[in-house]
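In: pasting the sequence and the predicted model now:
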Amino acid sequence: MSFIEILKVIVQGIVEGFTEWLPISSTGHMFLVDEIIHMDQPKEYLDVFFVVIQLGAILAVVPPLPA
């Protein structure tokens, strides 16, 4: 992965982190940003990327297991 692609991933992470706590669609904003910066990756990679980048927010709402 090139340095430019890594910067695009960082921008996507910032957008996800910023919009996750706002009452707006973080997923929608990630798709909009991808339309603007065009990550040069296969569709399968982008599908997995969008799930994995949101995994932290998904796991944050899962309650811990009882001890």
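Out: Now that the structure is in, tell me what you want to look at.

In: show the pLDDT at Leu65.
Out: Reading off the confidence values, Leu65 has pLDDT 84.

In: typo on my end, it should be Leu59
Out: For Leu59, the model assigns a pLDDT of 83.

In: next one: Ile36
Out: Residue-level confidence at Ile36 comes out at 92, pLDDT.

In: max-length helix in this structure?
Out: Of all the segments assigned as helix in the chain under DSSP state H, the longest by residue count is helix 3-20.

In: which residues are contacting that helix?
Out: Residues outside helix 3-20 that contact it (Cβ atoms under 8 Å, 6 or more residues apart in numbering): 1, 25-26, 29-30, 33-34, 37, 39-41, 49, 53-54, 57. Placement of C-beta: from N, CA and C, glycine included.

In: try stretch 34-44
Out: The contact list for stretch 34-44 (Cβ under 8 Å, 6+ apart) reads Glu5, Lys8, Val9, Val11, Gln12, Leu46, Phe49.

In: buried residues, the helix or strand that contains the last one. List them.
Out: Secondary-structure assignment from DSSP states H and E places Phe49 in helix 43-53. Within helix 43-53, the residues scored as buried using 16 or more other Cβ atoms under 10 Å are Phe49, Ile53.

In: immediately after that helix, which helix or strand?
Out: Per DSSP H and E, the first helix or strand lying C-terminal to helix 43-53 is helix 55-60.

In: just the buried ones from the contacts of stretch 34-44, in PyMOL syntax?
Out: One line in PyMOL is enough to select the buried members of those, burial here meaning 16+ other Cβ under 10 Å:
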select buried, resi 8+9+11+12+49
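
In: of all the contacts of stretch 34-44, which two lie farthest apart?
Out: Within those, Val11 and Leu46 form the most distant pair, 14.1 Å apart (Cβ to Cβ).
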